[in-house]
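Asker: Provide a 3D model corresponding to the input given below.
(one chain, ligands or ions: 2)
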Amino acid sequence: MDEPVLLTGAGGRVGQAILRDLAGEFDWRLLDREPLPSERIPADVDESDVFVADVTDDDKLDEAFDGVGAVIHLAGDPRPEAPWDSVLRNNIDGTQTVYEAAVDAGVQKVAFASSNHAVGAYETDERTPEMYRTDDEYRLDGTELPRPSNLYGVSKAAGETLGRYYHDEYELSVVCVRIGNLTRGHPPWDYERGQAMWLSYRDCAHLFERCLLADYDYEIVYGISDNDRKYYSLERAREVLGYEPADNSADFADQQPTSSS
Ligand SMILES: NC(=O)C1=CN([C@@H]2O[C@H](COP(=O)(O)OP(=O)(O)OC[C@H]3O[C@@H](n4cnc5c(N)ncnc54)[C@H](O)[C@@H]3O)[C@@H](O)[C@H]2O)C=CC1
Ligand SMILES: O=C1O[C@H](COP(=O)(O)O)[C@@H](O)[C@H](O)[C@H]1O
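Answerer: Ligands and ions are numbered 1, 2, ... in the order given. You can find the predicted model right below:
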């Protein structure tokens, strides 16, 4: 990728996981509505490539998108309990504005941060908690219809559908990554669901690197590490993107603190 890569929501957890490992790999342009503290900006990113802007502001986006080859779109309200007015503005309107700016600027690829919550309602009372365990074979693979668990999940399903439209209408390459549960250092303790959909920081960076380098049309993939426990298939991410996760939440089982430690 010779042209700059725009990272929206650069100051957040996912953005920082990506920059931690890929700072020197791409010519980054960073965008966030909050000013980024210097420790969140890689040393070789010039201040002219750092934009403080809201993703619903199309004029500011036009400036930030100028000359960009690919976009990783993370900016939005990440709270599963976020209210409708926030997800409507930040997640749905913001994502449509990003796709539109991408088309106007002649961008080739957009990687969109979707979520496990776009399909959270597959986790029915009948299937849980068994589906979170290693001996259960239930898998979602990205071909299933969205089944959101909350209004935030609805907004992520809408972002995926917007991507489908912008691919079909404008031939934009779009990959929607249904991210599981990103935590630094180790999987969440005492949370089976979180362990089954854990995404480590290094696998997160590697996955989005593959989203920038691979060739695809329109894809929905799951963004988790290669956990022994899993109810999301990694097949599509492996096949289409060349994703090769290095981490597995099971490797941390004996490190989990006990209540007495
Ligand atoms: N952290 C996780 O485990 C998961 C995250 N995701 C998605 O990944 C993306 C990033 O999530 P996190 O880094 O965890 O969230 P975060 O809250 O740490 O980072 C989001 C960043 O986006 C910025 N932002 C929010 N609304 C904006 C707007 N309207 N315009 C410009 N910037 C805006 C915020 O200032 C913040 O820096 C979100 O879209 C979230 O839904 C999806 C699944 C799991
Ligand atoms: O989409 C998201 O999912 C993760 C995991 O969901 P949770 O309900 O198990 O916490 C969440 O931590 C993150 O904030 C959210 O953006």
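Asker: ligand 1 contacts on this structure?
Answerer: If contacts are counted using C-beta under 6 Å from any ligand atom, the residues of the chain sitting beside ligand 1 are 9, 11-15, 32-34, 54-56, 74-78, 90, 94, 113, 115, 179, 181-182. Backbone N, C-alpha and C define where each C-beta goes, glycine included.
Asker: buried only: go through the residues you listed for me.
Answerer: Neighbour-count burial within those applies to 9, 11-12, 14-15, 32-33, 54-56, 74-78, 90, 94, 113, 115, 179, 181-182; the criterion is 16 or more other C-beta atoms under 10 Å.
Asker: mind listing which of these are in helices?
Answerer: In this view, these that belong to helices under DSSP state H are Val14, Gly15, Gly94.
Asker: close to ligand 2, is the helix or strand where Gly163 lies?
Answerer: Element membership of Gly163 [criterion: DSSP states H and E] is helix 151-170. No. Applying C-beta under 6 Å from any ligand atom, one finds that helix 151-170 is not in contact with ligand 2, the shortest distance being 6.9 Å.
Asker: find the closest residue to ligand 1 in the stretch 1-150 of the chain.
Answerer: Across the stretch 1-150 of the chain, the shortest distance to ligand 1 (C-beta to the nearest ligand atom) belongs to Gly12, at 1.8 Å.
Asker: any weak-confidence spans in the stretch 101-250 of the chain?
Answerer: In the predicted model of the stretch 101-250 of the chain, no residue satisfies pLDDT under 70.
Asker: which stretches in it count as helices?
Answerer: Ranges of helices within the stretch 101-250 of the chain are 151-170, 192-196, 201-213, 235-236, based on DSSP state H, counting those that start in this stretch.
Asker: quick check, Thr183 in contact with Trp198.
Answerer: Yes. When contacts are counted by C-beta atoms under 8 Å, Thr183 is listed as touching Trp198 (6.7 Å).
Asker: more neighbours: these two, which one.
Answerer: Between Thr183 and Trp198, Trp198 has the larger neighbour count (other C-beta atoms under 10 Å), namely 27 against 19.
Asker: go ahead and confirm the more buried one touches Gly180.
Answerer: Yes. Shown here, Trp198 and Gly180 form a contact pair, counting by C-beta under 8 Å, at 6.3 Å.
Asker: name the residues contacting each of the two.
Answerer: Both Trp198 and Gly180 are in contact with Ile224, where contact means C-beta atoms under 8 Å, 6 or more residues apart in numbering.
Asker: which residues does the spatially most central residue of the chain form a beta bridge with?
Answerer: When the chain is reduced to its mean C-alpha position, the closest residue under C-alpha atoms, centre = their mean turns out to be Ala113, at 2.9 Å. Following DSSP bridges, Ala113 is listed with bridge partners Val177.
Asker: residues in contact with stretch 21-30?
Answerer: Outside stretch 21-30, the residues within contact range by C-beta under 8 Å, 6+ apart are 1-7, 10-11, 15, 19, 36, 41-45, 49-51, 64, 68, 201-202, 205-206, 208-209, 212.
Asker: repeat the analysis, applying 6 Å as the threshold.
Answerer: For stretch 21-30, contacts defined as C-beta atoms under 6 Å, 6 or more residues apart in numbering pick out Pro4, Val5, Leu6, Leu7, Ala10, Pro42, Val45, Asp49, Val50, Arg202, Ala205, Glu209.
Asker: ok, the first one to Gly94 distance?
Answerer: What that stands for is Pro4. 20 Å (C-beta to C-beta, to the nearest Å).
Asker: same question for His117.
Answerer: 17 Å.
Asker: number of nearby residues for the nearest residue to Pro188 once chain neighbours are set aside?
Answerer: On the basis of C-beta to C-beta, 6 or more residues apart in numbering, the spatially nearest residue to Pro188 that is not a chain neighbour turns out to be Gly194, at 3.6 Å. Number of residues near Gly194 (other C-beta under 10 Å) recorded here: 17.
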